[in-house]
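J.: give me the fold of what follows.
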Amino acid sequence: MATPATLDLQAVHDLLVDVAKQAGKTILAANPLVHGTTSKTNCKLGNAPVFVCDPIDGTVNFVHGFPWVCTSLALVISGDPVVGVIYNPFQKTLYSAIKGRGNFLDLTTPLPLRRNPEALSTLQQALVACEWGAGRTGNNFDVKHRTFTSLARAIEDGGAMVHSIRSTGSAALNFAMVACGVLDLYWEGAAETGGIVVDTNRGNWHVGLDGRRYMAVRGAPSGQKKLVEEFWSHVAGQLDYHA
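T.: The predicted model follows:
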């Protein structure tokens, strides 16, 4: 394992690019209906079937050898995701979903892991995941900083005092943990398991697949919308990825 003193960033970048290319070649070879690839991150999805892939989600983790890394792949038809898989090769765990047929761990264990999940109550009882992202300046960073502080701050000082906050470094695996029911909420700026996905910004209950702001809440018999509204009350500003 390379140390910070010996880490060759160019070599790491070259490795990441090579892994991404190999993943694309593997997908193309296994799926004759796929006619090409694109590296665009902001393209609009049309009506044709499209594979959406992130070959290495958790690149910083990958560089440091932290085993919270995955490859994610989804089949999208007419803008609607119908099949999805997330695989962590370090921990050899596979999460999969087919629209209308549920989510599974390693193809056999239905999700969520708790067959009768308890109701959601307040943020004070919630385990929440949030990510800083690569951008550490400007409006979005300031919004995240103020929001994270409000979530962590004691209730008597106006905060939510969430049970705890996790930053794992992988968006796809955070979504998988919400599907498993071990994370209560993920804010990023799982419907098959009864979870809901809304906008990170206040008031928008409907988000498109090609958006960049998501908040996912685990499946529960009650309390989801109440928890979303409580979370929104601590979002200190508007995330904007189009500026």
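J.: doesn't Phe148 make contact with Ala236?
T.: No - Ala236 lies out of contact with Phe148 (Cβ atoms under 8 Å); the separation is 9.2 Å. All C-beta atoms are positioned from the backbone trio N, CA, C, and that covers glycine.
J.: the more surrounded of these two?
T.: Taking other Cβ atoms under 10 Å, Ala236 and Phe148 do not tie; Phe148 has more neighbours (19 against 15).
J.: wait, a strand at Ala119?
T.: No - assessed with DSSP: H, G, I helix; E, B strand; the rest coil, Ala119 is coil; it does not lie in a strand.
J.: burial of it, as a residue count?
T.: 11.
J.: also the one 4 residues further on?
T.: Residue crowding around Leu123 was assessed by other Cβ under 10 Å; the count is 21.
J.: so how far is Lys226 from it?
T.: Distance, Leu123 to Lys226, using Cβ to Cβ, to the nearest Å: 10 Å.
J.: same check, this time on Gly169
T.: According to Cβ to Cβ, Gly169 stands 29 Å off from Lys226.
J.: would you mark the buried spots in stretch 131-143?
T.: For stretch 131-143, a neighbour-count test (16 or more other Cβ atoms under 10 Å) marks Glu131, Asn140, Val143 as buried.
J.: tell me which of these fall in helices.
T.: Among the buried residues of stretch 131-143, the members falling in helices (DSSP state H) are Asn140, Val143.
J.: which of the buried residues of stretch 131-143 lies closest to Val217?
T.: Glu131 (16.4 Å; Cβ to Cβ).
J.: apart from its neighbours in sequence, what residue is nearest the closest one?
T.: Counting by Cβ to Cβ, 6 or more residues apart in numbering, the nearest residue to Glu131 once its immediate chain neighbours are dropped is Ser167, at 5.6 Å.
J.: which ones are touching the one you found?
T.: Ala129, Cys130, Glu131, Trp132 (Cβ atoms under 8 Å, 6 or more residues apart in numbering).
J.: in this protein, which spans are strands?
T.: Along the chain, counting by DSSP state E, strands occupy 50-57, 70-77, 80-88, 93-98, 102-105, 109-110, 127-130, 164-166, 185-188, 196-198, 214-217.
J.: and the ones you listed as a markdown table, adding mean neighbour count and mean pLDDT?
T.: Compiled in a markdown table, the strands of the chain are given as follows (neighbours: other Cβ atoms under 10 Å; pLDDT from 0 to 100):
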| stretch | mean neighbour count | mean pLDDT |
| --- | --- | --- |
| strand 50-57 | 18 | 84 |
| strand 70-77 | 20 | 89 |
| strand 80-88 | 18 | 92 |
| strand 93-98 | 19 | 96 |
| strand 102-105 | 18 | 94 |
| strand 109-110 | 12 | 95 |
| strand 127-130 | 21 | 95 |
| strand 164-166 | 13 | 96 |
| strand 185-188 | 24 | 88 |
| strand 196-198 | 20 | 55 |
| strand 214-217 | 23 | 84 |
